[in-house]
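**Student:** predicted model follows, preceded by the sequence.
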Amino acid sequence: MTQSRYRATYAAWKADPQAFWAEAARAIDWITPPASILDPAAGLYGRWFPDAVCNTCFNAVDRHADGGRGEQAALIYDSPVTGSKRTVTYAELKDEVATLAAVLTEMGIVAGDRVLIYMPMIPEAAFAMLACARIGAIHSVVFGGFAAKELATRIDDATPKAILAASCGIEVAKVIAYKPLLDGAIEMANHKPEACLVLQRPQLEATLLPGRDLDWAQLLAAARMAGRKADCVPVKATDPLYVLYTSGTTGKPKGVVRDNGGHMVALQWSMQNLYGVHPGEVFWAASDVGWVVGHSYIVYAPLLAGCTTILYEGKPVGTPDPGAYWRLIAEHKVVTLFTAPTAFRAIRKEDPEATHLDLATLPHFRALFLAGERADPDTVKWAESILKVPVIDHWWQTETGWCMVGNPLGLGMLPVKHGSPTVPMPGYDITVVDEAGKPVPVGQMGSIVVRLPLPPGAFPTLWQADDRFAEAYLADFPGFYKTADAGFIDADGYLYIMGRTDDIINVAGHRLSTGGMEEVLASHPAVAECAVIGIADALKGEAPCGFVVLKAGVSTPHAEIEADLVRLVRDKIGPVAAFKLAVTVARLPKTRSGKILRGTMKKIADGENWSMPATIDDPAVLDEIAAALAARGISA
Ligand code: COA
Ligand code: AMP
């Protein structure tokens, strides 16, 4: 192993952060280059590149299309669920995006307007994001697995001028009609968008509402016929590029804001130094454009770096078999795959001997990166043993937009310690503290915090909610960003992420709020009180389990109410919540001051050692919980 440049690079950043980011910023084509790197007094903790002017779409598309990569594949769409593939070169991408941007402009959308995007994994979803970036509009992509109510909440918060949607998504063999969800959401929302541009997919066409809905293909064709294309609009580096909603501790999601300049600088830096990927190479993030991984590493980072990105409309298994990932890597000459550990658990479950894998077909493949949830050592070791390339866990959040802690392949890999995502990236000064904010000794668990300012690429605030940002992230540990993850740092400076300090759970790499699910359960007329916890699941990492206490006098059979509750969560939050287990109990375990003992319930459900909380009101309730779980085959 050659000597890693990591330590020197991290030390250089720490010695002079502004010089470090000024140097990284040179990889971006600015309209007005930054004279000032950080204004520490601006925003809630400082703003990066406050006087620079730029355009993200120009950097992701035009500079490559016009700079010698016009004929190179920018995007490869591979869709086993529709049996189709399409390669889009940088020149074609520029044409598609500039034409769609002209359509958006004709629809009256201008810089600063919000545009909500509700689309599956098809090239038009990426075109839509880039078209918004081109004209300075702020996109907000909503994942297809959310129900109408979640969509409505986002419409009301982002107040989009227009919505871009597809008629349907495809989940393995199921066609999911998007349009009724969209119509339902607009009906529910207080804010009404002026127009919806709808892409009709042949698998299920939608009925368009006269006066509001516009046909995507027709408008594109008309713009193309007339030769209308929109140019890149200069925006401030600090202007928002997008808002992406993520689960908070209540049912109201948080609108994470990403700016233009810092985002480009950080992502561009990460492609070469963290992922070790070079212009012209093929990078595949097997995620969804509805998640942050999709924003950063399906769309923006690979394109900013002049790579080829892959848009995969399929699953790790079942489309058609657990060899799907290997087929894509071989066929498209992928050098780096980025996915969630749950995908590898799914592949391993169906093909434990990896009989679908023939390493001789993957000569280009160099590394697997995992994120989105804890990479359990067992899964990492299995992936290493079958792929014979580095398997790299890295830790980040929607809020940060890129990796906080990882193993920088590009700078030279550090030794892997299973169970740890390795070391902080430049930009992140990470400490583990106790409840009073005091650093804890090496090896001791505590809250993981990041010294302010957060680096370029991380969120400057929540959409129109500076106070909520300050309260949720900055108030508990002054001078630091609270990650809400808990863990420890070992003697070599390796970080270990052990869980959340709030009520967020992680189901199949999807971040979900148990508080949000409790709000839904509590809305059922038969429910007096409830508690949702995440219980260990061999495939999905965690699976939600809702305990409900029914109101006195409810005579409906419990099984009927429980089935109702499962349906209700699916209807209100969406199938992505994967809420399949509601358990009726007589009482919930509480402390004497009335706090529900969710942590103890989780330990019982997971079969972990637990001790009786000293403050428990009635210890017998825990036996009742264990018995209720055992009756469902979940043994203590
Ligand atoms: N649109 C509509 N519905 C969706 C959806 C989408 N984009 N994505 C998921 N769903 C639905 C699924 O069809 C499923 O519905 P069901 O209850 O009717 O079966 C439900 O939401 C739960 O989905 P999921 O938790 O993904 O489970 P799954 O059993 O369909 O698949 C895996 C399990 C592991 C194969 C799958 O989660 C996976 O591929 N994960 C990869 C990880 C990933 O992409 N993480 C993102 C962050 S990097
Ligand atoms: P999201 O914002 O959806 O990306 O989810 C972020 C959360 O997922 C983090 O706060 C962690 O709890 C968890 N997470 C993401 N990546 C990792 C990882 N590599 N190891 C452990 N937990 C992770």
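**Tutor:** Looks like it came in fine. Residues are numbered from 1 along each chain as shown. Ligands and ions are numbered 1, 2, ... in the order given.

**Student:** what's around the residue of the stretch 301-450 of the chain found nearest ligand 2, how many residues?
**Tutor:** Here the stretch 301-450 of the chain gets closest to ligand 2 at one residue, residue 398, 3.4 Å apart by CB to the nearest ligand atom. Where you see a C-beta, it was placed from the backbone N, CA and C, and this is true even at glycine. Per other CB atoms under 10 Å, the neighbour tally for residue 398 reads 20.

**Student:** how close does it get to residue 247?
**Tutor:** According to CB to CB, to the nearest Å, residue 398 stands 9 Å off from residue 247.

**Student:** overlap in contacts of the two?
**Tutor:** With contacts taken as CB atoms under 8 Å, 6 or more residues apart in numbering, the residues that reach both residue 398 and residue 247 are residue 511.

**Student:** all helices for the stretch 251-400 of the chain, in order.
**Tutor:** Counting by DSSP state H, counting those that start in this stretch, residue ranges of the helices within the stretch 251-400 of the chain are 261-273, 292-294, 301-304, 324-332, 341-350, 377-387.

**Student:** which of the ones you listed sits closest to residue 34?
**Tutor:** Of all the helices of the stretch 251-400 of the chain, helix 261-273 sits nearest to residue 34, with 7.1 Å by CB to CB.

**Student:** which outside residues touch the lengthiest helix in the chain?
**Tutor:** As assigned by DSSP state H, the longest helix anywhere in the chain is helix 90-106. Outside of helix 90-106, the residues that reach it under the criterion CB under 8 Å, 6+ apart are 57, 61-62, 64-66, 69-72, 74-75, 88, 115, 123-124, 127-128, 130-132, 134-135, 137, 162, 197, 219-220, 223-224, 228-231, 303.

**Student:** and stretch 168-183, how far out from the chain middle?
**Tutor:** Offset of stretch 168-183 from its chain centre (CA atoms, centre = their mean, to the nearest Å): 20 Å.

**Student:** that one spans what distance, first to last residue?
**Tutor:** 13 Å (CA to CA, to the nearest Å).

**Student:** and the protein, which residues reach ligand 1?
**Tutor:** With CB under 6 Å from any ligand atom as the criterion, the chain meets ligand 1 at residues 143-145, 169, 171, 176, 287-288, 291, 293, 315-317, 340, 342-343, 346, 372, 507-509, 540, 575-576, 578.

**Student:** filter those to the buried ones?
**Tutor:** Buried by 16 or more other CB atoms under 10 Å: 143-145, 169, 171, 176, 287-288, 291, 293, 315-317, 340, 342-343, 346, 372, 507-509, 540, 575-576, 578, out of the residues of the chain next to ligand 1.

**Student:** what subset of those residues is also close to ligand 2?
**Tutor:** With CB under 6 Å from any ligand atom as the criterion, these include residue 372 near ligand 2.

**Student:** nearest residue to residue 176 other than its sequence neighbours?
**Tutor:** By the measure of CB to CB, 6 or more residues apart in numbering, the closest residue to residue 176 outside its immediate chain neighbours is residue 169, 4.4 Å from it.

**Student:** same thing with residue 538?
**Tutor:** The spatial neighbour of residue 538 that comes closest, neighbours along the chain excluded (CB to CB, 6+ apart), is residue 345 at 7.1 Å.

**Student:** for the one you found, give me its contacts.
**Tutor:** When contacts are counted by CB under 8 Å, 6+ apart, residue 345 is found next to 379, 538, 539.

**Student:** distance of residue 618 from residue 306?
**Tutor:** 64 Å.

**Student:** of those two, which one has the most company?
**Tutor:** Ranked by neighbour count (other CB under 10 Å), residue 618 and residue 306 place residue 306 first, with 22 against 11.

**Student:** residue 626 touches residue 604, doesn't it?
**Tutor:** Yes. Residue 626 is within contact range of residue 604, at 5.3 Å (criterion: CB atoms under 8 Å).

**Student:** the two - which one has more neighbours?
**Tutor:** Set side by side, residue 626 and residue 604 give different neighbour counts by other CB under 10 Å, the larger being at residue 604 (23 against 16).

**Student:** for ligand 1, give me its nearest residue in the stretch 351-500 of the chain.
**Tutor:** residue 372 (3.6 Å).

**Student:** as a quick check, tell me the outermost residue of this protein.
**Tutor:** When distances to the mean C-alpha position of the chain are computed (CA atoms, centre = their mean), the maximum falls on residue 553, with 43.2 Å.

**Student:** which parts of the stretch 451-600 of the chain sit against ligand 2?
**Tutor:** Neighbours of ligand 2 within the stretch 451-600 of the chain, by CB under 6 Å from any ligand atom: 485, 497, 500, 506, 511.

**Student:** beta partners for the second one?
**Tutor:** Listed beta-bridge partners, residue 497: residue 487 (assigned using DSSP bridges).

**Student:** same check, this time on the last one
**Tutor:** Residue 511 forms beta bridges with residue 506, as assigned by DSSP bridges.

**Student:** quick thing: my sequence starts at 16, can you match it?
**Tutor:** Got it, the first residue is 16 from now on, which makes the last one we talked about residue 526.

**Student:** what about it, how many neighbours?
**Tutor:** When neighbours are defined as other CB under 10 Å, residue 526 has 19 of them.

**Student:** also the second one?
**Tutor:** Neighbour count for residue 512, taken as other CB under 10 Å: 21.
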